[in-house]
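Asks: generate a structure from the sequence data that follows.
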Amino acid sequence: MITISCTKKLFETSSFIEEQDNELEEELYKWHANVFRMARKNNLIIMNNKTRYCFILFGIRKEHYKNFKEIFLNALIENLRAEGIAEPLINNYISKANSMKFIKTYDRSVVGSMIDMVKMTEFMIEDYLPLQEMNIIELNKMNNATPLVKLKKFPNQFMREALSM
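Replies: Numbers count the residues shown, from 1 in each chain. Here you go, the predicted structure:
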């Protein structure tokens, strides 16, 4: 099961129903998400709790929240493939993502990392304007190739290692 910890702002924007966290899921299957405004569009950043691997969905609208699980999984698969992660590792991870629940954010460290990643994206976004696609792979790859002080690792390398275990 995938658990997405949503900010208050995201709960207000989306149609997600808040559930209680039973904390039984492995940390690799827990993500944080936040909505932010950039390039005159609402956007969504989604970050893995364990590896800080993230991707940004640009130009997200209300109708996207209705089939969010599908959008999330497709974007995750697309980004992991772009990172060169082996197909069996991706399939193994996705096979365990049979359902999704939404809870409140609980880890300020992950929220802080998301805010940092959004600020870095603001500096790099000009190379990708105008935004045509919802999921901009190259920008996400650049974000995940940025070292994070908290982990003392690169998110893309840490995600590759975590999926290989």
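Asks: report the central residue of the protein.
Replies: Centroid-nearest residue in the chain: residue 46, 2.2 Å away (criterion: CA atoms, centre = their mean).
Asks: that residue bridge partners, please.
Replies: residue 33, residue 55 (DSSP bridges).
Asks: what about it, distance to residue 56?
Replies: Residue 46 is 8 Å from residue 56, where distance means CB to CB, to the nearest Å. All C-beta atoms are positioned from the backbone trio N, CA, C, and that covers glycine.
Asks: next one: residue 124
Replies: Using CB to CB, we find residue 124 at a distance of 11 Å from residue 56.
Asks: anything in contact with each of the two?
Replies: Contact criterion CB atoms under 8 Å, 6 or more residues apart in numbering; residues shared by residue 124 and residue 56: 139, 143.
Asks: how about the strands in this protein?
Replies: Applying DSSP state E to the chain gives strands spanning 2-6, 30-38, 41-48, 54-57, 100-104.
Asks: any idea which of these is most buried?
Replies: Mean neighbours per residue, mean count of other CB atoms under 10 Å, is largest over the strands of the chain for strand 54-57, with a mean of 24.
Asks: who does that strand touch, helix- and strand-wise?
Replies: Packed against strand 54-57 by the contact rule (3 or more CB pairs under 8 Å, 6 or more residues apart in numbering; DSSP states H and E) you find strand 41-48, helix 68-82, helix 108-124, helix 137-144.
Asks: if we use 10 Å, what do you get?
Replies: In terms of contacts (3 or more CB pairs under 10 Å, 6 or more residues apart in numbering; DSSP states H and E), strand 54-57 is packed against strand 30-38, strand 41-48, helix 68-82, helix 108-124, helix 137-144, helix 155-164.
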